[in-house]
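Chemist: Need coordinates for the following:
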Amino acid sequence: FTERAVATGSNLALTDQDILAIVEICRRLDGLPLAIELAAARAKVLPPQALISRLENRLALLVGGPQNVSPRHQTLRNAIDWSYNLLTPPEMALFRRMSVFVTGGTLSAVEAVCNPDGTLGIEVLDGIMVLLDKSLLHQENTAEGESCFRMLETLREYGVEMLAQAEDDEAETVRERHARYFLSLTEQAKPEMLGPNQVDWLDRLESEYDNIRAALGWAITHEKAEIAGRLAVSLACFWHLRGRAGEGRQWLLSVLKMGQGGPQGRQPMPAPLPARVLREAGVLARQQGDLEQAASYYEQSLALYRYLGDKEGIGRVVTDLGDLAARERNYEQATVLLLEGLALRREVGDRPGIAASLNILGVMARHEGDGTSAATLLEESLTLWRQLGNKRGIAGILNNLGTAVHDMGDFKRAKRCYEESLALRRELGDKPGLAVSYTNLGILARHEGDYERAQTLGQKSLALRRELGNESDVGYALNDLGLLATRLGNYDQARSYHTDSLKIFQTLNDRANIAGCLECLAGVVYHAQPTEASAEAAAWIFGAAQAQRDAINARREPENLADYNHNLAAARSQISDAGWQAAWEQGRSMPMEQVIALAVNEHKQTALRY
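Modeler: Okay, here's the model as predicted:
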């Protein structure tokens, strides 16, 4: 690139920024020598950074090659035209149809999308071999051991243009087949994402995600409401488990907005699909800590289910609303809703739903401090799951029962519950569940003073959560390790863990967990150098964290209460009640940016003092 650019009279400075831009240009041009030559010729008038922004339409940009070579080498389009025109009509059709695959497709996918009725005029495998021989495709192997056939992006852009120019609505037909193929894949994946092969299926969807995005975007743009709605609903679990709640919500909202000002002949979204889309939007909003919007989505979903008279759907969403109310500490409303959901689920004989409702009621009782009621409700739920033979449900309830009896000080029973849950999750290959079990066993070990075991389990949980890719879960694991490091007196390490956790929750705008991280950092600030000044700084941070909790009515997790109370009491003992209260109130009014700077940088004495 630089040699050709200089030859045309460009005076590239080759700054670090220029070099990074040139690398990106070469990458986007798939390393094609002709494309790079033509792009370099433009460097005389366009700096590398400006060239990047114009590569969206590279075929129009990359013209004007040397006049002393054949016409097909004077522009990139001419070069590709020459190769394309050497193909037979069936080979041309296969090439342009395969351009709908953003990141390529397996043989079965290409057959389903490009030639399902056998009218292409060539066997797909034979056509692929021709395109490979002519370097219009290249072959890769997938994690599943299949071959994936894909085009260089430059060639795909050309293929998309040829498909748009094809006759007889070919583009519309092929794109709908593409969308339906990936709809079938995501609906097949939906139950598998909660099964023993969860990670394999999540990885498979990840590898096809650009294709899936393209399919969903096309369905929305072209008002294919049923395809779009079903795709979005079947992807919700993927978005949730892979920590993509924000992106998922945007897609779900785009689906809900379909038809507003659109064509009269659009496909309607059949009932109860809109109710399901709204419910999934609520689930993802709740994951992000946006409880007010989650409640709005649930209420809209509930209204649709009530209109349809769908008692099973009503029971499910009423339970969701009860769970949401419990998270907001509105326990009176939560109880009413959860009992209504439980009654509906009993009425329709939804035994898994009954067990799930009892679980939420038990967890809520635990957070209210009523361990006896929590254990009773969870034991009833556990009995149902055992009767159903649902090992995943049994494992989940055993975990929650373990936390309930752990809170009550029955460490032996808690350990039995956790370990039985862990064994079932190993049997199921339930990696998210295993991460939770490792975390809870680690917290138990920490509370028992077995810090070495707690460290081992905490690191296992963190590794699994990172492998699964759910950022909020990674944040929880880091925070637990930070609390352990504080107990061990490793304050620099504790600060690092809590700071990394804080960054994650800031990105997710999870205010409740931002508050939790700040409370942990307040403990580090004091314990790292227990002085009156550090106690005052801790008071500021504690006060600011409490203001965050009060603003969103966020509860403090029971398993972290012992550490919170210990750190709070230790710092408070260093200064007078009046001094503590003044610092606490000052922290409540501090801008969050300054609170975070204080929490993270107090040991460097860079915090802003008031």
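
Chemist: Could you report the neighbour count for Arg156?
Modeler: Residues contacting Arg156 under the criterion other C-beta atoms under 10 Å number 20. (Glycine included, C-beta is placed from N, CA and C.)

Chemist: where does the protein have its least confident helix or strand?
Modeler: helix 58-61 (a mean of 54; mean pLDDT, DSSP states H and E).

Chemist: Provide a list of residues in contact with the residue nearest to Val110 when sequence neighbours are not counted.
Modeler: The shortest distance from Val110 to any non-neighbouring residue, by C-beta to C-beta, 6 or more residues apart in numbering, is to Val124 (5.5 Å). Val124 makes contacts with Leu94, Leu107, Val110, Glu111, Cys114, Asn115, as judged by C-beta atoms under 8 Å, 6 or more residues apart in numbering.

Chemist: from those, which two are the most distant?
Modeler: Leu94 and Leu107 (12.1 Å; C-beta to C-beta).

Chemist: who has more neighbours, those two?
Modeler: For Leu94 and Leu107, the more surrounded residue by other C-beta under 10 Å is Leu94, and the numbers stand at 27 against 14.

Chemist: Name the helix or strand for the more buried one, please.
Modeler: Taking DSSP states H and E as the definition, one finds Leu94 inside helix 89-98.

Chemist: That helix - what's its average pLDDT?
Modeler: For helix 89-98, mean pLDDT rounds to 95.

Chemist: Equivalent analysis for stretch 491-506, please.
Modeler: 94.

Chemist: next one: stretch 221-239
Modeler: 95.

Chemist: picking up where we left off before, in strands only, show me the contacts of Val124.
Modeler: Among the contacts of Val124, DSSP state E puts none in strands.

Chemist: between these, which is nearest Pro268?
Modeler: Distance to Pro268 across the contacts of Val124 (C-beta to C-beta) is lowest for Cys114, with 29.0 Å.

Chemist: my guess is the closest one contacts Glu123, does it?
Modeler: No - assessed by C-beta atoms under 8 Å, Cys114 is found out of contact with Glu123, at 11.2 Å.

Chemist: The two: who's more crowded?
Modeler: Using other C-beta under 10 Å as the criterion, Cys114 and Glu123 rank with Cys114 on top: 23 against 14.

Chemist: so how far is Arg175 from the more buried one?
Modeler: 11 Å (C-beta to C-beta, to the nearest Å).

Chemist: ditto for Glu153
Modeler: With the distance defined as C-beta to C-beta, Glu153 ends up 18 Å from Arg175.

Chemist: Count the neighbours of Glu532 for me.
Modeler: By other C-beta under 10 Å, the residues close to Glu532 number 12.

Chemist: and it, what does it touch?
Modeler: Glu532 touches Gln574, Ile575, counting by C-beta under 8 Å, 6+ apart.

Chemist: circling back to that earlier point, right, and out of the contacts of Val124, which lies closest to Thr15?
Modeler: Using C-beta to C-beta, Val110 comes nearest to Thr15 of the contacts of Val124, at 43.7 Å.

Chemist: Can you give me the neighbour number for that closest one?
Modeler: 24.

Chemist: hang on, isn't it packed against Phe101?
Modeler: Yes - in this structure, Val110 is within contact of Phe101 by C-beta under 8 Å, at 7.4 Å.

Chemist: Can you check which residues contact both of these two?
Modeler: Counting by C-beta under 8 Å, 6+ apart, Val110 and Phe101 have no shared contacts at all.

Chemist: Checking Ala143 next. Helix, strand or coil?
Modeler: Following DSSP: H, G, I helix; E, B strand; the rest coil, the label given to Ala143 is coil.

Chemist: how about it, what does it touch?
Modeler: Counting by C-beta under 8 Å, 6+ apart, Ala143 has contacts Asp203, Arg204, Ser207.

Chemist: distance of Glu379 from Leu358?
Modeler: 9 Å.

Chemist: Correction: the previous question concerned Gly229.
Modeler: Gly229 is 31 Å from Leu358, by C-beta to C-beta.

Chemist: average pLDDT across the one helix or strand Glu332 maps to?
Modeler: Following DSSP H and E, one finds Glu332 within helix 331-347. Per-region confidence: helix 331-347 scores 93 on mean pLDDT.

Chemist: That helix packs against which elements?
Modeler: Applying 3 or more C-beta pairs under 8 Å, 6 or more residues apart in numbering; DSSP states H and E, one finds that helix 331-347 contacts helix 311-327, helix 351-367.

Chemist: wouldn't Ser534 be in contact with Ala528 here?
Modeler: Yes - with contact defined as C-beta under 8 Å, Ser534 reaches Ala528; the gap is 7.2 Å.

Chemist: Those two: which is more packed in?
Modeler: Legend: neighbour count by other C-beta under 10 Å for Ser534 and Ala528, higher for Ser534 (20 against 17).

Chemist: what about the closest residue in space to the more buried one that isn't next to it in sequence, distance to His566?
Modeler: Distances taken as C-beta to C-beta, 6+ apart place Tyr526 nearest to Ser534, at 5.1 Å, with adjacent residues excluded. With distances taken as C-beta to C-beta, Tyr526 is found 11 Å from His566.

Chemist: what about those two, which has more around it?
Modeler: Set Tyr526 next to His566 and count neighbours by other C-beta under 10 Å: Tyr526 wins out with 29 against 14.

Chemist: what packs against the one helix or strand that one maps to?
Modeler: According to DSSP H and E, Tyr526 maps onto helix 511-528. With contacts taken as 3+ C-beta pairs under 8 Å, 6+ apart, helix 511-528 sits against helix 471-488, helix 491-507, helix 532-552, helix 561-572, helix 592-601.

Chemist: From the chain's centroid, how far away is that helix?
Modeler: 25 Å (C-alpha atoms, centre = their mean, to the nearest Å).

Chemist: Ok, stretch 116-133 next?
Modeler: Worked out by C-alpha atoms, centre = their mean, stretch 116-133 lies 37 Å from the chain centre.

Chemist: same thing with stretch 24-39?
Modeler: Relative to the centre of its chain, stretch 24-39 is centred 33 Å away, using C-alpha atoms, centre = their mean.

Chemist: OK, contacts around Gly229?
Modeler: Here Gly229 is in contact with Val255, Met269, Leu273, Pro274, Arg276, Val277 (criterion: C-beta under 8 Å, 6+ apart).

Chemist: same thing but 7 Å
Modeler: Val255, Met269, Leu273, Val277 (C-beta atoms under 7 Å, 6 or more residues apart in numbering).

Chemist: Please apply the same query to Leu324.
Modeler: Arg286, Leu291, Ala294, Ala295, Tyr298 are the contacts of Leu324 under C-beta under 7 Å, 6+ apart.

Chemist: what does Ala325 give?
Modeler: Shown in contact with Ala325 (C-beta under 7 Å, 6+ apart): Gln333, Ala334, Leu337.

Chemist: ok so, going back, from the contacts of Ala143, pick the one nearest Gln574.
Modeler: Asp203 (50.7 Å).

Chemist: That closest one: what secondary structure?
Modeler: Strictly by three-state DSSP, Asp203 counts as helix.

Chemist: Not counting residues beside it along the chain, what's closest to it?
Modeler: Spatial nearest neighbour of Asp203, chain neighbours left out: Ala143 (6.3 Å); criterion: C-beta to C-beta, 6+ apart.
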